[in-house]
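Asker: Using only what follows, build the 3D model:
(2 chains)
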Number of protein chains: 2
Amino acid sequence: MMNTMNLNSQSDSASPGIIKPLDPEEFKRQGYMMIDFVADYIRNIGNYPVLSEVEPGYLREKLPASAPSGPESIESILKDVQEHIIPGITHWQSPNYYGYFPSSGSIAGFMGEILSTGFNVVGFNWVSSPAATELENVVMDWLGQELKLPKTFLFEGHGGGVLLGTTCEAILCTLVAAREEKLTQFGRDNIGKLVVYGSDQTHSALQKAAKVAGIDPRNFRLIKTKRSNSFALSPDSLLSTILLDVKNGLIPCFLCATVGTTAMATVDPVGPLCKVAKEYGIWVHVDAAYAGSACICPEFRYCIDGVEEANSFSLNAHKWFLTNLACCCLWVKDRKALTKSLSENPEFLRNKASQSKKVVDYKDWQIPLSRKFNALKLWLVLRSYGVENLRNFLRNHVQMAKTFEGLMRLDKRFEVVVPRKFSLVCFRISPTAIASGLCNGSEACYSGKLMNDDYRVNEINRELLDLVNSSGNAFMTHGEVEGAFVIRCAIGSTLTEEHHVIMAWRLVQENANLLLGKTNCTSI
Amino acid sequence: MMNTMNLNSQSDSASPGIIKPLDPEEFKRQGYMMIDFVADYIRNIGNYPVLSEVEPGYLREKLPASAPSGPESIESILKDVQEHIIPGITHWQSPNYYGYFPSSGSIAGFMGEILSTGFNVVGFNWVSSPAATELENVVMDWLGQELKLPKTFLFEGHGGGVLLGTTCEAILCTLVAAREEKLTQFGRDNIGKLVVYGSDQTHSALQKAAKVAGIDPRNFRLIKTKRSNSFALSPDSLLSTILLDVKNGLIPCFLCATVGTTAMATVDPVGPLCKVAKEYGIWVHVDAAYAGSACICPEFRYCIDGVEEANSFSLNAHKWFLTNLACCCLWVKDRKALTKSLSENPEFLRNKASQSKKVVDYKDWQIPLSRKFNALKLWLVLRSYGVENLRNFLRNHVQMAKTFEGLMRLDKRFEVVVPRKFSLVCFRISPTAIASGLCNGSEACYSGKLMNDDYRVNEINRELLDLVNSSGNAFMTHGEVEGAFVIRCAIGSTLTEEHHVIMAWRLVQENANLLLGKTNCTSI
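Answerer: Residues are numbered from 1 along each chain as shown, chains lettered A, B, ... in the order given. Next up is the predicted model:
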């Protein structure tokens, strides 16, 4: 360091009127205040209705029409957060949250985000912050090992892992890589012939990614699944769809197999699907957004058997792995396929480290250029809890889902629509219960349509879900299976304990009583 | 709320061996510790070499080969952060950071991120957390007003604003919207005919977005700019390029105009470019990633004159608006164009609020489905500092850049390569200084090539940049202008004060002395 300079002191001579937005003492004062605020929020979270009860447009009325010209105190801002923002939040961290899939925050995930926000480095390439890249290399290998991913998916092979924001990005990046391989092989004019495959249970992220990547919507296949097959994508159906496309002169390009679908946590048979796909040179991406985390437990690892034949694999650590938003983990078998299609090397980013080819430049593994130091939070989660505790934590959620399912099976009015997988229970009041006179003659049961027709059954279940959610004491969401409206209870919020789940079941049961009459109601 | 339930208490009866990752007391303990850690980091940041000095692969050697099976304490993790991570960081928050463009963090931006991380809500649609959507609507209107964007770009018109991660995403989203409009009009088989326009100064994000969106690389135009035109994209050049494309049966689709280019902060003439583009039905996106923030100052607003004729406009609040990463603000004139091309409506997301069409569902404004509550940090920045202070803060950076430029102009060995814009100074040791014997005969000046040839001039300037950066006392990066290697000093780090900038100039000058000999060196 040059000794003629004193670069370290922060001057007190800033011009009058110039704010000091990183003054360390003020940072501490506000930081403690904010930590207290969040701690209180967590402590009281069960007091808030899980689903926000506000009406559209509620907030604009409460806030000024324009930004303030002068500064306001953090105290007055926090008062507004408490009074105006918190009532407008649907509390994903509530122990009574069972909607969509969880976003399981944790202290470790939070602290990792604090560190990353404090450093505020932009790690687009190695040199812009070597630790951001190298820690990501390390933790992605760590997690890949715990998932027993084949070594080809790790940095010691030709693969490696990267942290993206969401599964949507993981699918888009891998789809673009697959598309570029095909266009290089068949010529760029054939973009209109490329075909993308999924099932009718695949997340809408695939359709969106295909659209963004310029795949002709006419060449997007959502292959029908069947109840007899637990709604998994059948390799035979895939094969016959491919054969028809090939016969029509189209070019099969990309398949998204899912481990833990959104509606019912269905597991597509990864190995057999890869076998079919491989014959036709199709890139297989395995989307294990929700259920992938469970695969660190030996008893669930079979769900991704065959992944060694896939080209890429992703899971969302922000869903069920205690890592605060957003943290999608993507591994690829051939990192060059990704970097070939996503790399741009403008002059301003040229540097010796990149030119040496000894480093990873993550800008070439993702859509955006800029990226935060996201590896910190995943590293903190793995270290703060340790793998064995993480396994037990996930198992505990699965056990709670079994409890919920077990209680439900004692009440004959309900049906568990598909066998429970992981920590998701899909259920409804059964058509039989409605048709066989267990209904108490409420308006819901008699309004205009035959009681046992599908529409009516759906409406009664929709009403049940509305009653549960409007109670404020739980929040669940819905799916659709072969035209049937199904209620989903996705257990996995960090704060959820067994007594919450038992309460949630009672809440469902009591509201079913209201809807159907109190006969045939077993109590626990 | 059902009074038969006590959902609020957190049970103490968790199974043995099950961790409690959101215990409020432990959250506070670790939270305070982490706030202290970040405060100390900020206090000491000037002590660290700005550019990390580690070698590729340094970190893997220091960390275990696999994740720990048991838990580790936050104290031991923080020790590792201090010893192993911080040396591997390039300190973007350092007052001596002048690389790329700044990532200006602040207390307000940090606190907003803490709140967002604490709530950890996923605001993909309105119902999933109404406040997340509505606050974003409000702050985007607030900031749009301060930028004097036309009302058509605000929610009161047919437009509106959205927070994305990066400009790359903003360009990709708007390009997909433009592409879909053209394909609807001309037929989907014409994707291979769509043309995208930028200049040779446009950020590489455009090329990447075009690639991702399936635009044929042969139809990607980087129109040459000229020094005589300050390297701005000339409407005449655009027109002649378009005419040739149209003559060849291609379909002009998308233009990215830049306000504040990466290399030299050049300002493309937005109004005249829009006029040309409009004739041919081209979507114009204005990328003001860096310089857009300055346009809240009346004296800089002229830089985006004509934006009312553009289709979309974006800036990165994480660059020069005190909002921690990542926070790109995108406004569009016709929100339906965006939502038409990016909307997917799977069953599991259907809800009454969305069906009412009274709410914004931001999932239809972006690539991914999931999104954090990012409006909080921008809201906190606007409120904590107030618009007038923010203006003065930016002006102060511009003033410091003038100081740096002024000092440099006193030393005849240097040339300011293009007139300074905003807070970026682009300079080099001039070919004249090198050719006219101001060189002291060092190896750098005589190794093999003629002193005054371009290669040699570039090498000497490259060497100067390396010396400056390896001192640890400043970090600058480079650009290229008509084959010339140019050093960029981008002032905008939150902690930078005038004395830092004066020191940075002395550092440049002293290293030039080393390289060129001490003659003709003016001192300040």
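Asker: Setting the sequence-adjacent residues aside, check what's closest to the residue in the stretch 151-300 of chain A positioned nearest to chain B.
Answerer: Chain B sits closest to A:Gly214 of the stretch 151-300 of chain A, with a gap of 2.2 Å, by CB to the nearest CB. Using the backbone N, CA and C atoms, a C-beta is placed for each residue, glycine as well. Excluding its sequence neighbours, the residue lying closest to A:Gly214 (CB to CB, 6 or more residues apart in numbering or on different chains) is B:Gly214, at 2.2 Å.
Asker: Quick check: the gap between the one you found and B:Cys274.
Answerer: For B:Gly214, the distance to B:Cys274 (CB to CB, to the nearest Å) stands at 25 Å.
Asker: residues near A:Gly483, how many?
Answerer: 9 (other CB atoms under 10 Å in any protein chain shown).
Asker: and the stretch 201-350 of chain A, which of its residues are near chain B?
Answerer: For the stretch 201-350 of chain A, the residues in contact with chain B (CB under 8 Å from any CB of the partner chain) are A:203-205, A:207-208, A:211-218, A:262-263, A:318, A:322, A:324-326, A:341-342, A:344-349.
Asker: what about 10 Å?
Answerer: With the criterion set to CB under 10 Å from any CB of the partner chain, the stretch 201-350 of chain A comes near chain B through A:202-209, A:211-219, A:262-263, A:289, A:296, A:316, A:318-319, A:322, A:324-326, A:328, A:341-350.
Asker: For stretch A:329-345, buried residues please.
Answerer: A:329-335, A:337-339, A:341-342, A:344 (16 or more other CB atoms under 10 Å in any protein chain shown).
Asker: One more: stretch A:241-259?
Answerer: Within stretch A:241-259, judged by 16+ other CB under 10 Å, the buried ones are A:241-242, A:245, A:250-259.
Asker: Quick check: which ranges of chain A have low pLDDT?
Answerer: Within chain A, the stretches with pLDDT under 70 are A:1-17, A:437-452, A:518-524.
Asker: same thing but 80
Answerer: A:1-17, A:436-452, A:517-524 (pLDDT under 80).
Asker: Which residue ranges make up each domain of it?
Answerer: A:24-91, A:122-385, A:396-516 (automatic domain parsing).
Asker: Of these, flag the one that's most buried.
Answerer: domain A:122-385 (a mean of 22; mean count of other CB atoms under 10 Å in any protein chain shown).
Asker: Output the domains of chain A as TSV; include the columns distance to A:Ile107.
Answerer: Shown next, in TSV, are these (distance: least, CB to CB, whole Å):
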stretch	distance to A:Ile107
domain A:24-91	9
domain A:122-385	7
domain A:396-516	9
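Asker: Quick one: closest of these to B:Phe393.
Answerer: Closest to B:Phe393 of the domains of chain A is domain A:24-91 (CB to CB; 11.4 Å).
Asker: Quick check: end-to-end length of that closest one?
Answerer: Length of domain A:24-91, first residue to last, CA to CA, to the nearest Å: 32 Å.
Asker: Assumed A:Val139 was part of a helix.
Answerer: Yes - when classified by DSSP: H, G, I helix; E, B strand; the rest coil, A:Val139 is found to be part of a helix.
Asker: and the residue nearest to A:Gly214, what is it in contact with?
Answerer: A:176, A:179, A:183, A:188, A:191-192, A:194, A:211-216, B:176, B:179, B:191-192, B:194 (CB atoms under 10 Å, 6 or more residues apart in numbering or on different chains).
Asker: run the last query once more with 6 Å
Answerer: B:Gly214 makes contact with A:191, A:213-214, according to CB atoms under 6 Å, 6 or more residues apart in numbering or on different chains.
Asker: closest to B:Asn392 among those residues?
Answerer: Using CB to CB, the contacts of B:Gly214 come closest to B:Asn392 at A:Ala213, 44.6 Å.
Asker: Now do the strands in chain A.
Answerer: Taking DSSP state E as the test, the strands found in chain A are A:97-98, A:160-164, A:194-199, A:220-223, A:251-258, A:283-287, A:312-316, A:328-332, A:414-416, A:424-429, A:475-481, A:484-490.
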